[in-house]
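Colleague: structure for this input, please:
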Amino acid sequence: MAMQVLKDVRGLRVEVIHPPDEERAQLVDHLRRIGCAVGLTWPVPAEWPAEADVVLLAIEPEARPALARLLKADAARRPTLIAIVGYENPATLQLVLESGAVAVVERPIRPFGLLTTLTLARTLWLEREEARKRLARLEQKLAGLQTIQRAKSILMENLGLSEEDAHQSLRRQAMDKRVPMEDMAAALIHASELLQLLPRREARSPATGS
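Modeller: All right, here's what the predicted structure looks like:
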């Protein structure tokens with residue numbers, strides 16, 4: 001992955017969220033020399049830039065309310081984040097920690113090391129994203145297994161089937177209807193819940209004259 005990331009760095013879309021000053025101009029020039037497509041934003045926006053692969057975000061203590069608003073924005077759209085800091089103090093470090101930045105660039109910003117920082121930050125972010133997706137897939141799979149197990153329990157309780165027979169019955173129904181077992185199990189659970197409600201509704205019908 002690292003070699004591929006290094007090749008891809010030169011095509012990254014980088015958004016620089018930084019006050020307009022000489023340091024920003026030098027940073028933009030160097031990013032463009034690397035081969036990045038650079039966008040500029042200031043003040044701090046309310047949402048993450050939609051098209052950006054990487055955001056270089058100036059951590060300015062006076063912009064803390066705006067930074068806090070940005071950090072609460074849709075996390076699913078958050079790009080690779082690199083914090084730019086001018087000095088170390090508890091308030092600044094707290095903002096960096098809250099930002100979830102995967103790398104830090106210190107002021108004064110120097111061209112040397114920027115390519116390395118971009119590459120390492122992008123590699124770490126991609127690895128983190130892949131881990132997040134794997135976890136989401138595992139959680140989805142676990143939820144599906146729990147749904148299937150609950151549906152099997154309903155079949156076992158109501159039809160007197162063994163666990164294996166209940167599993168095979170559920171599997172056959174899913175195949176016949178050409179749907180995943182999880183969907184078939186969810187439909188069975190829903191039907192069972194509806195049937196449990198019917199006696200109570202019917203018991204109320206004579207009193208209501210229906």
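Colleague: tell me where this structure has helices.
Modeller: Secondary structure of the chain, counting by DSSP state H: helices at 2-8, 22-34, 64-71, 90-99, 114-159, 163-177, 181-208.
Colleague: pipe these into JSON lines and attach mean pLDDT per row.
Modeller: Output for the helices of the chain, formatted as JSON lines (pLDDT from 0 to 100):
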{"stretch": "helix 2-8", "mean pLDDT": "64"}
{"stretch": "helix 22-34", "mean pLDDT": "92"}
{"stretch": "helix 64-71", "mean pLDDT": "88"}
{"stretch": "helix 90-99", "mean pLDDT": "80"}
{"stretch": "helix 114-159", "mean pLDDT": "90"}
{"stretch": "helix 163-177", "mean pLDDT": "92"}
{"stretch": "helix 181-208", "mean pLDDT": "73"}
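Colleague: outline the domain layout of this protein.
Modeller: Domain segmentation of the chain under automatic domain parsing yields 2-127, 136-194.
Colleague: could those be laid out in CSV, adding mean neighbour count?
Modeller: Glycine gets a C-beta too; all of them are placed from N, C-alpha and C. Conversion of the domains of the chain to CSV gives the following (neighbours: other CB atoms under 10 Å):
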stretch, mean neighbour count
domain 2-127, 16
domain 136-194, 14
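Colleague: before we move on, back to that, got a markdown table for the helices of the chain, with distance to Ala83 too?
Modeller: Written out in a markdown table, the entries for the helices of the chain read as follows (distance: least, CB to CB, whole Å):
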| stretch | distance to Ala83 |
| --- | --- |
| helix 2-8 | 19 |
| helix 22-34 | 13 |
| helix 64-71 | 10 |
| helix 90-99 | 5 |
| helix 114-159 | 10 |
| helix 163-177 | 49 |
| helix 181-208 | 41 |
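Colleague: which of those sits closest to Ala58?
Modeller: Closest to Ala58 of the helices of the chain is helix 22-34 (CB to CB; 8.2 Å).
Colleague: run the angle between that closest one and helix 114-159 for me.
Modeller: 80 degrees (axes from the mean of the first three to the mean of the last three CA atoms, to 10 degrees).
Colleague: from the contact counts, what lies against helix 22-34?
Modeller: Contact analysis of helix 22-34 by 3 or more CB pairs under 8 Å, 6 or more residues apart in numbering; DSSP states H and E lists strand 13-17, strand 37-41, helix 114-159 as its packing neighbours.
Colleague: for it, list the C-alpha coordinates in PDB.
Modeller: Extracted in PDB, the C-alpha atoms of helix 22-34 (Å, rounded to 0.1, in the frame of the first residue of the first chain):
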ATOM      1  CA  GLU A  22       2.700  34.500   3.300                       C
ATOM      2  CA  GLU A  23       3.100  31.200   5.100                       C
ATOM      3  CA  ARG A  24      -0.100  29.900   3.400                       C
ATOM      4  CA  ALA A  25       1.200  31.100   0.000                       C
ATOM      5  CA  GLN A  26       4.500  29.200   0.500                       C
ATOM      6  CA  LEU A  27       2.700  26.100   1.600                       C
ATOM      7  CA  VAL A  28       0.400  26.200  -1.400                       C
ATOM      8  CA  ASP A  29       3.400  26.700  -3.800                       C
ATOM      9  CA  HIS A  30       5.100  23.600  -2.300                       C
ATOM     10  CA  LEU A  31       2.000  21.400  -2.500                       C
ATOM     11  CA  ARG A  32       1.600  22.400  -6.100                       C
ATOM     12  CA  ARG A  33       5.300  21.600  -6.800                       C
ATOM     13  CA  ILE A  34       4.600  18.100  -5.300                       C
END
